[in-house]
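Asks: the following block contains a protein sequence and its predicted model.
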2 protein chains.
Amino acid sequence: MVNQLKQDNIRRIFIQAAKNTLKSEGIKALSAREIGKATGFSYATIYNYFKDMNELCEVCMLDFLEECKESVLSSTISTEIKDLLKAYAMFFVQYPGLYVLIFTDPNYAGRFYNKFSEKTEEIYKAIFDASSTQYKNPHIPVLTFNAINGLLLSYVNRSTPTDFEEFMVLLKEQMELLSI
Amino acid sequence: MVNQLKQDNIRRIFIQAAKNTLKSEGIKALSAREIGKATGFSYATIYNYFKDMNELCEVCMLDFLEECKESVLSSTISTEIKDLLKAYAMFFVQYPGLYVLIFTDPNYAGRFYNKFSEKTEEIYKAIFDASSTQYKNPHIPVLTFNAINGLLLSYVNRSTPTDFEEFMVLLKEQMELLSI
DNA sequence: TTGCATATATTAACACCGTTAATTATATTG
DNA sequence: CAATATAATTAACGGTGTTAATATATGCAA
């Protein structure tokens, strides 16, 4: 007889600990032994609740994407698309480590891409649905997100632009060029 | 008395072996032990020629960027900017692992970013210099590369779009939207 | 409550990794 | 040839993910 409730609770303990580590110290600090210490469990106990460390990490990543979505949609600045997109970019500027982990780290971003593609598509769709203006040409939203993600990639991985203010200026200019 | 020529040659042996591994099997397969096997040297000998494995990898990355630049500029399709940009994208579509390594992998892309930023800026500049049309507004080239890099990021890490043909169609459409 | 079966947690171990110190082999020079 | 400088190797350390074997806790029937 398994105690499903207890199992779920312990699972959540591991997830929460992993999320904390990922947010504060990044993926490099995440290890089975570290999560063991942080939760009080042995490092091997994790393997009773997750297939491997990747599974634990993936669960966190989907959680973070959900947080991103909620953060964007609850930021009641306006329903103008440029403000929604700015909120999207802001979330990841706030947590550059999460952007790297979810979108750029080949060890994770590339794994089970269908799951993450679905979730990111969901976010993109939610943003353009929430917007007050509609775009008939579906390539405009795609181009817009490619441009923003390219900018975020450059910012988090190559520090180009170097600081936050410059990033926001560039983002604004790019949105204007796209007539967004 | 050190034999500089001999040293340089052995250094090049390690670099070549590492480049082969990176191109064929990717960064995950690169290790000191593996390069030792591939070259016939002991794994520790590498440390007589490189500070650490990161240095070896970085040398390879700069080499690859140089290859990319030469590949783009020697592809005598035309001097139209859209063809040059297509050649740029093609290089990394051909070697997705290299794109991931150089631009998206946080372990490498983020390290010594100034060195790589310089080199990538050099490529971007070379492309727009070789182009037959000139852009007065400097934000257009920046936006263009952000869009292409966003598309490449999505393609290599999330398989969106799923195949090469689709990628090329999307690239063409995005260039047209940007009036490039 | 006791005893037992089941479920869960822990420890120990294995195979990797990067890196370094100590040791051995090889060149070079007097 | 012998002494010295240089380079390559082996052995070791501390880290990683993961698994098998072992210990502990839990749930339940008698």
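Replies: Yep, that arrived.

Asks: please count neighbours and contacts with C-alpha atoms only from this point.
Replies: OK.

Asks: if I look at the most centrally placed residue in chain A, how far off is chain B?
Replies: Nearest to the mean C-alpha position of chain A, counting by Cα atoms, centre = their mean, stands A:Leu65 at 4.2 Å. Distance, A:Leu65 to chain B, using Cα to the nearest Cα, to the nearest Å: 15 Å.

Asks: can you tell if whichever strand or helix holds that residue touches DNA strand C?
Replies: A:Leu65 is part of helix A:53-74, with elements assigned from DSSP states H and E. No: Helix A:53-74 is not in contact with DNA strand C by Cα under 7 Å from any atom of the strand; minimum separation 14.1 Å.

Asks: just after the helix or strand bottoming out on mean pLDDT in chain A, pick out the following helix or strand.
Replies: Least confident helix or strand, chain A: helix A:113-130 with a mean of 90, by mean pLDDT, DSSP states H and E. Using DSSP H and E, the helix or strand that follows helix A:113-130 in sequence is helix A:139-158.

Asks: and that next one, what does it pack onto?
Replies: helix A:81-94, helix A:96-99, helix A:164-177, helix B:113-130, helix B:139-158, helix B:164-177 (3 or more Cα pairs under 8 Å, 6 or more residues apart in numbering or on different chains; DSSP states H and E).

Asks: pull the contacting residues for A:Leu153.
Replies: A:Leu153 makes contacts with A:100, A:104, B:103-104, B:150, as judged by Cα atoms under 8 Å, 6 or more residues apart in numbering or on different chains.

Asks: a markdown table for the residues you listed, including distance to DNA strand D and pLDDT?
Replies: A markdown table is the format used below for the contacts of A:Leu153 (distance: Cα to the nearest atom of the strand, whole Å; pLDDT from 0 to 100):
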| residue | distance to DNA strand D | pLDDT |
| --- | --- | --- |
| A:Val100 | 17 | 94 |
| A:Thr104 | 19 | 92 |
| B:Phe103 | 24 | 93 |
| B:Thr104 | 21 | 92 |
| B:Gly150 | 29 | 97 |
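
Asks: quick one: A:Gly36 and A:Leu30 touch, right?
Replies: No: taking contacts as Cα atoms under 8 Å, A:Gly36 lies outside contact range of A:Leu30: 10.4 Å.

Asks: what's the nearest residue in chain A when you look at DNA strand D?
Replies: For chain A, the residue closest to DNA strand D is A:Ser31, as judged by Cα to the nearest atom of the strand, at 3.1 Å.
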